[in-house]
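K.L.:
compute the structure for the input listed below.
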Amino acid sequence: MAENLHDRGLAVEIVELADQIMPPLDKELSTPVENYLRAHGIALHLSTAAAAFSSDRAGQLTVELTSGRFLKTSLVIMSAGVRPNVELATMAGLELGPRGGIKVDRHMRTSHPDIWAAGDAVEVEHTVLPDSSIIPLAGPANRQARVAAESICGRDTEYESTQGTSIVKVFDMVAGGTGATEKQLRAAGIPFLRAHVHPSGHAGYYPGTAQMDVKCLYSPDDGRILGAQITGFDGVDKRLDVFATAIRLGATVFDLEKLELAYAPPFGSAKDAVNMIGFIGSNTLRGDVESWFSTDYPGNCEGARIIDVRSASEYDVWHIPGAELVPLPTLRTAQEAWDRDIPIRLYCASGFRSYLAYRALRQRGFTDVATLAGGVKTFRAWHHVAPEDVPDPLVPMTSYAEEESLRAGGALPPAGAPAGTGVEVDLDCTGLACPGPIMALQQKMGELDPGDEVVAHVSDIGFRLDAPAWAAKNGHEVLDIRPEGAGVVARIRKGGPAASAGGAVQNPVAARLREKKSFVVFSGDFDKVLAAFIIANGAVAMGDEVSMFFTFWGLNALRRPDAPAVDKSLVEKAFATMMPAGPEDMKLSQMNMLGGGTAMIKKIMRDNKVPSLPELIASAQRAGVRLVACTMTMDLLGLQEDELIDGVEFGGVAMFLGEANESNGTFFI
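P.N.:
Residues are numbered from 1 along each chain as shown. This is a model prediction of the structure:
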């Protein structure tokens with residue numbers, strides 16, 4: 001209804017009681033559909049219900065939501081679900097099932113020997129789940145009717161089960177599922193494993209395709225397929241039908257590996273999406289790969305290094321908070337200095353590059369390592385990294401009907417008219433999966449002058465999130481972005497001095513500053529150093545670079561409690577005795593109470609699961625925070641390099657000022 005009303009030129013809003021639309025899909029599969037609806041200008045109110053309705057004398061309706069918002073509208077359509085109409089069956093004295101539908105046997109016979117029932121009002125066995133289900137779908141209803149007819153005529157025909165295969169088209173996007181969802185399997189207590197892939201509908205070099213999101217659930221015991229869900233554009237229906245057939249025949253992920261499916265570039269890929277699910281599932285069951293999942297973050301990732309193996313440009317657009325950037329080409333060199341006892345959690349855009357990184361690390365002796373299933377694409381969908389959650393806001397997207405009416409009235413220039421004063425270049429990125437469009441855009445922008453514009457045609461719907469963040473990071477301007485078939489078309493103007501307001505040259509100081517924070521840690525008090533590392537860890541989790549310069553008493557935070565014996569003068573030994581021997585030996589600046597206050601605050605931290613100061617220091621180092629010891633202070637206090645923890649750098653005032661000059665925030669603790 002939303003799609004059709006939108007196509008008639010109406011503004012449409014959807015109010016949904018659940019935390020997602022389309023409850024028959026798992027959350028990470030519904031999120032792409034939600035973003036696609038928003039891209040067409042349809043507002044979504046999730047986890048919200050209508051609390052009351054009212055109307056004024058002019059007949060305009062007001063809908064009060066449980067969120068406290070009020071919607072003014074001329075039409076309300078209630079779509080609150082369905083229940084079986086069993087009035088006639090109840091009047092006939094027929095037995096009902098536990099879910100309120102008509103109880104039937106496998107011949108579709110009711111509790112009365114001369115009455116049969118079929119269709120939306122009956123309860124049937126589920127192919128995967130225990131107990132009976134009500135699944136109102138046309139295909140099962142027709143097959144049930146055939147079984148009932150043959151049974152009435154004396155043939156011993158049975159209707160075995162319904163698996164709930166369904167599909168829907170939302171504008172140009174397609175979504176569907178078959179078998180059980182993750183929510184249903186968890187509720188039923190059925191163990192399962194997950195596989196995620198994001199292939200194109202057909203060969204990427206042949207036009208007219210886009211990425212799809214495929215999720216498959218299978219048994220950890222024998223690999224039997226339990227359920228599958230897909231969202232995408234081209235080829236969704238045929239893959240869904242293959243999964244539906246596999247579930248009906250009791251196939252496993254090992255069987256999916258071997259399927260020979262129709263291939264030519266306009267129709268599929270040599271390694272079809274179904275085969276890829278089979279490969280991943282089989283690799284997992286054979287022990288060839290260990291995966292971690294979006295649901296593991298952040299709780300199950302504590303103590304692990306999260307490594308992003310994508311490119312720097314992808315990392316800058318968006319990355320998992322707290323992740324370190326180690327591009328795949330540099331991984332083999334970078335890992336030489338890594339501690340093999342620290343867990344490693346790898347990720348990339350869709351899972352392929354992180355799988356290669358996984359193999360490289362396992363071959364080099366790392367044992368506690370895993371690759372993110374489905375990559376960033378699935379992670380962002382699961383955690384609802386929606387347009388409004390991206391740090392740089394998106395350009396609003398108007399509906400086609402609204403846009404055309406504005407053009408007709410002269411409020412907007414004709415379609416295709418250049419928006420800037422420079423050159424306009426068309427860039428075809430269709431068929432390119434992430435990060436292909438961003439890389440192509442980066443290259444093309446390098447060839448243009450400030451003020452020139454690129455009109456990028458991208459088949460990856462995720463570009464709607466990535467383009468504004470990338471543009472803001474690189475000083476460009478997104479002028480317009482709207483749906484185009486399976487993807488989007490974006491108009492982006494190159495930034496620079498000529499493109500700034502009034503043609504003025506940009507502030508050179510502002511242009512120099514980066515998303516970077518610098519700290520001077522002067523204090524040796526426990527609470528102040530603790531605050532410094534809490535802020536530093538928070539900053540690096542937000543994607544900032546962080547450097548911390550330790551001078552005078554602050555240097556004690558870097559002291560090693562088990563430092564080796566070193567030669568010192570009498571004065572240096574006196575200093576060493578009076579100063580705290582590392583972070584655990586530091587005292588509170590206030591209410592220390594001869595150490596009692598310090599012990600109390602440490603207990604409170606443990607009770608509330610707040611990391612200790614040594615843990616925060618280690619976490620900061622893993623996240624890439626630079627810890628720099630002031631060499632002048634070391635000389636004054638008689639501290640030597642061997643007495644400080646590993647990984648500390650050594651520098652002076654010039655080094656700190658160089659860091660501060662590039663920072664957009666400097667802290668003195």
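K.L.:
kindly state the pLDDT recorded for the residue most central in space within the chain?
P.N.:
When C-alpha atoms, centre = their mean is applied to the chain, the residue found nearest the centroid is Arg380 (1.2 Å). pLDDT for Arg380: 91.
K.L.:
now Pro611
P.N.:
The model's pLDDT for Pro611 equals 81.
K.L.:
cool, the one 4 residues further on as well?
P.N.:
Glu615 carries a pLDDT value of 88.
K.L.:
please, which helix or strand holds it?
P.N.:
Using DSSP states H and E, Glu615 sits within helix 613-622.
K.L.:
Ile438 now?
P.N.:
Secondary structure from DSSP H and E places Ile438 in helix 436-446.
K.L.:
now swap in Ala381 and tell me
P.N.:
helix 375-382.
K.L.:
how about that helix: buried residues?
P.N.:
375-382 (16 or more other C-beta atoms under 10 Å). Bear in mind the C-beta positions are built from the backbone N, C-alpha and C, glycine included.
K.L.:
same question for stretch 84-95.
P.N.:
84, 86, 89, 94.
K.L.:
isn't the residue nearest to the centre of the chain right up against His319?
P.N.:
No - counting by C-beta atoms under 8 Å, Arg380 does not reach His319; the two are 10.5 Å apart.
K.L.:
output stretch 329-338 as PDB, nothing but the C-alphas.
P.N.:
Provided in PDB are the C-alpha atoms of stretch 329-338 (Å, rounded to 0.1, in the frame of the first residue of the first chain):
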ATOM      1  CA  PRO A 329      48.100  -6.000   1.400                       C
ATOM      2  CA  THR A 330      50.000  -4.900   4.500                       C
ATOM      3  CA  LEU A 331      48.800  -7.700   6.800                       C
ATOM      4  CA  ARG A 332      51.600 -10.200   6.300                       C
ATOM      5  CA  THR A 333      54.100  -7.600   7.300                       C
ATOM      6  CA  ALA A 334      52.100  -6.000  10.100                       C
ATOM      7  CA  GLN A 335      51.400  -9.300  11.900                       C
ATOM      8  CA  GLU A 336      55.000 -10.100  12.600                       C
ATOM      9  CA  ALA A 337      54.900  -7.900  15.700                       C
ATOM     10  CA  TRP A 338      51.500  -9.100  17.000                       C
END
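K.L.:
mind listing what's buried along it?
P.N.:
331, 335, 338.
K.L.:
just the residues you listed: which are in helices?
P.N.:
Leu331 (DSSP state H).
K.L.:
can you give me the distance of the residue of the chain most remote from its centre to Pro24?
P.N.:
Using C-alpha atoms, centre = their mean, the residue of the chain lying farthest from its centre is Leu570. It sits 58.2 Å away. Distance check for Leu570 against Pro24: by C-beta to C-beta, to the nearest Å, it reads 78 Å.
K.L.:
which residues does the helix holding Ile438 contact?
P.N.:
311, 313-314, 317, 425, 427, 429, 432, 454, 456, 458, 460, 463, 466-467, 470, 474, 476, 492, 494 (C-beta atoms under 8 Å, 6 or more residues apart in numbering).
K.L.:
next secondary structure after it?
P.N.:
Counting by DSSP H and E, what follows helix 436-446 is strand 453-458.
K.L.:
and the contacts of that following strand?
P.N.:
By C-beta under 8 Å, 6+ apart, the residues outside strand 453-458 that reach it are 418-420, 422-430, 432, 437, 440-441, 444-445, 448, 463, 467, 479, 484, 487-494.
K.L.:
can you list contacts of stretch 600-608?
P.N.:
Stretch 600-608 is contacted from outside by 526-527, 588, 610-612, using C-beta under 8 Å, 6+ apart.
K.L.:
the same query, at a cut-off of 10 Å, please.
P.N.:
Residues outside stretch 600-608 that contact it (C-beta atoms under 10 Å, 6 or more residues apart in numbering): 526-527, 530, 584, 588, 591-593, 610-613, 615.
K.L.:
mind giving me the ChimeraX select for those, buried ones only?
P.N.:
Command for ChimeraX that selects the buried part of the contacts of stretch 600-608, burial taken from 16+ other C-beta under 10 Å:
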select :526,527,530,588,592,611,613
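K.L.:
dump the contacts of stretch 600-608 into JSON lines; add distance to Gly554 and secondary structure as well.
P.N.:
Shown next, in JSON lines, are those (distance: C-beta to C-beta, whole Å; DSSP: H, G, I helix; E, B strand; the rest coil):
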{"residue": "Phe526", "distance to Gly554": "12", "secondary structure": "helix"}
{"residue": "Asp527", "distance to Gly554": "13", "secondary structure": "helix"}
{"residue": "Leu530", "distance to Gly554": "12", "secondary structure": "helix"}
{"residue": "Glu584", "distance to Gly554": "16", "secondary structure": "helix"}
{"residue": "Leu588", "distance to Gly554": "15", "secondary structure": "coil"}
{"residue": "Met591", "distance to Gly554": "21", "secondary structure": "coil"}
{"residue": "Asn592", "distance to Gly554": "18", "secondary structure": "coil"}
{"residue": "Met593", "distance to Gly554": "23", "secondary structure": "helix"}
{"residue": "Val610", "distance to Gly554": "21", "secondary structure": "coil"}
{"residue": "Pro611", "distance to Gly554": "19", "secondary structure": "coil"}
{"residue": "Ser612", "distance to Gly554": "18", "secondary structure": "coil"}
{"residue": "Leu613", "distance to Gly554": "13", "secondary structure": "helix"}
{"residue": "Glu615", "distance to Gly554": "18", "secondary structure": "helix"}
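K.L.:
mark which of the contacts of strand 453-458 are buried, thanks.
P.N.:
Using 16+ other C-beta under 10 Å as the burial test, those include 420, 422, 424, 427, 429-430, 432, 437, 440-441, 444-445, 448, 463, 467, 487-494 as buried.
K.L.:
just checking, which of the residues you listed belong to strands?
P.N.:
Secondary structure from DSSP state E places 424, 427, 429, 487-493 of the buried ones among the contacts of strand 453-458 in strands.
K.L.:
for Pro191, state which of those is nearest.
P.N.:
Gly487 (37.5 Å; C-beta to C-beta).
K.L.:
ok, what's across the strand from that closest one?
P.N.:
Counting by DSSP bridges, Gly487 forms beta bridges with Glu484.
K.L.:
now do the same for it: its pLDDT.
P.N.:
For Gly487, the model assigns a pLDDT of 79.
K.L.:
what does the one 4 residues further on give?
P.N.:
Model confidence at Arg491, given as pLDDT, is 91.
K.L.:
ok, it to Pro437 distance?
P.N.:
Separation of Arg491 from Pro437 (C-beta to C-beta) stands at 14 Å.
K.L.:
now Asp26
P.N.:
According to C-beta to C-beta, Asp26 and Pro437 sit 27 Å apart.
K.L.:
and if you look at Val369?
P.N.:
30 Å.
K.L.:
how about Asp237?
P.N.:
From Asp237 over to Pro437 (counting by C-beta to C-beta), the distance is 26 Å.
K.L.:
same question, Gly101
P.N.:
For Gly101 relative to Pro437 (C-beta to C-beta), the value is 48 Å.
K.L.:
what do you get for Lys517?
P.N.:
31 Å.
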